[in-house]
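Colleague: Here is a sequence with its predicted model. Questions after.
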There are 2 protein chains.
Amino acid sequence: MSEPADANDPTRARLFVTAALDTGGDVALDARAAHYLTTVLRLKPGAEIAVFNGRDGEFAAKLVTARKRASALEIGAQRRAQPPEPDVWLLFAPVKRARIDLIAEKATELGVTRLCPVITRRTAVARVNLARLAAIAIEAAEQCERLSVPTVDPPLPLETVLARWPAGRTLLVGDEAGGGRPLGAALADLKPGPWALLVGPEGGFAEAELDALRRFQFVTPVGLGPRVLRADTAVTAALAVVQCLIGDWGHPPRS
Amino acid sequence: MSEPADANDPTRARLFVTAALDTGGDVALDARAAHYLTTVLRLKPGAEIAVFNGRDGEFAAKLVTARKRASALEIGAQRRAQPPEPDVWLLFAPVKRARIDLIAEKATELGVTRLCPVITRRTAVARVNLARLAAIAIEAAEQCERLSVPTVDPPLPLETVLARWPAGRTLLVGDEAGGGRPLGAALADLKPGPWALLVGPEGGFAEAELDALRRFQFVTPVGLGPRVLRADTAVTAALAVVQCLIGDWGHPPRS
């Protein structure tokens, strides 16, 4: 439901749907999707877009009815198969609204598969609007040509998440106190396997939290350079470096 | 003039000033700085902050008068010498206001020394508020513990900037059309020396622009992974990778 990159070209519109996709099938659109296609993009019956659902790849689709409350798509040929993607979790302390929106958007653009809000001692924001984060993730996935949408977990205390940590997944922790190795050096020695990134709140982690984190074998504290980054900057910056060095940036862009 | 990371601790406030800094000297504050210290942070005479000017390092400073239109600082001991920093330019096509603000903020956090708006064929935004970008850069520098502030150039057509390009500086161009090598691989072969990053508008470069760019010896087109990034995401992501791999991320954070 994002604006296509070239706003004059509505045929580049991409839409995330939850229904199964199969050539020749039909998909009814929910109110949000119908509004976007018929009111925002002013598409008429017969217009062609692309759809994806995170499982079946990307399909061409044709708008067959275009009424606000009863729009449907006729599914055409598959354009792209569902690609494998690195399994990447982002743990982040909720921050103020504009910044948490950016975190969800950037994490999606950088290939995160699971968004996990975690409550730390200095987390200043108590409530997290999960529906809003999920909507932002969908929009970002549509915009960035990705064929999947990250899941959004309900917020949990950081200690709970750590206590339940799955075996074999490395947790990179952005350590602004200076205790971590530079990210590039840490990644050079990282054992292969799934990973996650934890970025703390704007005020940083409490010293006791950092001590506790460092005691876990699966934790690798990392440094993100000589400047103190805002939480949303740290998310984008660290994810970009990891995707570039051990993730999926070896692949050419999709188009 | 940023909120300190811990908003309960106004002694962590950092202020950028243009005056020369020397222990024992005085610095008169402009209206903006005085408002921030006395009204926003409610500092009283005698409060201690830190100041920097991009040339003399960081100094302790004491508020000696605290009136809205006549506030001054008494400069104390030098806390940090002015560090050397990589000479990094960012060329970016102006985008809508919220996104261009993010570009200025993130570029500053990631160590850019010169912000150069460039007009490309698909640049949708004609006017650039340079004073606003400069103010955002100052705030971001104060916030991120950096001791310098990037300069902000007036916008120029991309072809003018390329025609005047200085010898010896590599220009990394974010090429969403897929013509570039993955950024990590391109950096491994980069010759040492100053560099710049060019990120195009949301609609991408025109094909003729990309062709023209690729003909310059100083241009290295680079790919930023399989997803199509928004302009502000591309800025943060590419700068982080370059600072991590060939820039100043080997240094521990300042504190």
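Modeller: Everything's here; your move. Numbers count the residues shown, from 1 in each chain, chains lettered A, B, ... in the order given.

Colleague: SS state for residue A:237?
Modeller: helix (DSSP: H, G, I helix; E, B strand; the rest coil).

Colleague: Go ahead and confirm it touches residue B:236.
Modeller: Yes - with contact defined as CB atoms under 8 Å, residue A:237 reaches residue B:236; the gap is 5.9 Å. Bear in mind the C-beta positions are built from the backbone N, C-alpha and C, glycine included.

Colleague: what's the overlap in contacts for the two?
Modeller: residue B:110 (CB atoms under 8 Å, 6 or more residues apart in numbering or on different chains).

Colleague: now the spatially most central residue of chain A: how far from residue A:86?
Modeller: By CA atoms, centre = their mean, chain A has its centre lying nearest to residue A:108, at 2.3 Å. Relative to residue A:86, residue A:108 is positioned 14 Å away (CB to CB, to the nearest Å).

Colleague: List every C-alpha atom in the worst-scoring helix or strand of chain A on mean pLDDT, with coordinates, as CSV.
Modeller: Sorting the helices and strands of chain A by mean pLDDT, DSSP states H and E puts helix A:31-34 at the bottom, at a mean of 87. This file holds the C-alpha atoms of helix A:31-34, laid out as CSV (Å, rounded to 0.1, in the frame of the first residue of the first chain):
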residue,chain,number,x,y,z
ALA,A,31,-11.1,-1.9,3.1
ARG,A,32,-7.6,-0.6,3.4
ALA,A,33,-6.3,-2.2,0.2
ALA,A,34,-9.5,-1.2,-1.7
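
Colleague: buried residues in it?
Modeller: A:33, A:34 (16 or more other CB atoms under 10 Å in any protein chain shown).

Colleague: any idea how far that helix is from the chain center?
Modeller: 22 Å (CA atoms, centre = their mean, to the nearest Å).

Colleague: Which strands or helices does that helix pack on?
Modeller: Counting contacts by 3 or more CB pairs under 8 Å, 6 or more residues apart in numbering or on different chains; DSSP states H and E, helix A:31-34 packs against no other helix or strand.

Colleague: which is the next helix or strand following it?
Modeller: Downstream of helix A:31-34, the first helix or strand assigned by DSSP states H and E is strand A:48-52.

Colleague: how far out from the middle of the chain is stretch A:123-142?
Modeller: Using CA atoms, centre = their mean, the offset of stretch A:123-142 from its chain centre is 10 Å.

Colleague: For that stretch, buried residues please.
Modeller: Here stretch A:123-142 shows A:123, A:125, A:128, A:133-142 as buried, counting by 16+ other CB under 10 Å.

Colleague: and the stretch 51-200 of chain A, which of its residues are near chain B?
Modeller: A:83, A:102, A:105-106, A:109-111, A:143-146, A:176-178, A:182-185 (CB under 8 Å from any CB of the partner chain).

Colleague: Now go through these and say which are in helices.
Modeller: Those of those mapping onto helices are A:102, A:105, A:106, A:109, A:143, A:183, A:184, A:185, per DSSP state H.

Colleague: Need the pLDDT of the first one.
Modeller: We note a pLDDT of 97 for residue A:102 in this prediction.

Colleague: Give the buried subset of the residues of the stretch 51-200 of chain A next to chain B as a ChimeraX selection command.
Modeller: Remark: buried members of those, expressed as a ChimeraX selection using 16+ other CB under 10 Å:
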select /A:102,105,106,109,110,111,143,144,145,146,176,182,183,184
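
Colleague: quick one: what helix or strand has residue A:166 in it?
Modeller: Short version, using DSSP H and E: residue A:166 is in no helix or strand.

Colleague: now it: how far from residue A:148?
Modeller: 20 Å.

Colleague: Next: residue A:87.
Modeller: From residue A:87 to residue A:148 the distance is 11 Å (CB to CB).

Colleague: Next, show the common contact partners of the two.
Modeller: residue A:113.

Colleague: Residue of the stretch 1-150 of chain A nearest chain B, please.
Modeller: Nearest residue of the stretch 1-150 of chain A to chain B (CB to the nearest CB) works out as residue A:144 at 4.2 Å.

Colleague: What is the burial count for the nearest residue to that residue once chain neighbours are set aside?
Modeller: Counting by CB to CB, 6 or more residues apart in numbering or on different chains, residue A:144 lies nearest to residue B:227, which is 4.2 Å off, once chain neighbours are set aside. When counting by other CB atoms under 10 Å in any protein chain shown, one arrives at 25 neighbours for residue B:227.

Colleague: any chance you could map the helices in chain A?
Modeller: A:31-34, A:97-109, A:130-143, A:158-163, A:183-188, A:207-215, A:231-246.

Colleague: For residue B:95, see how far away the residue nearest to residue A:144 is.
Modeller: 18 Å.

Colleague: Fine by me, we can end here.
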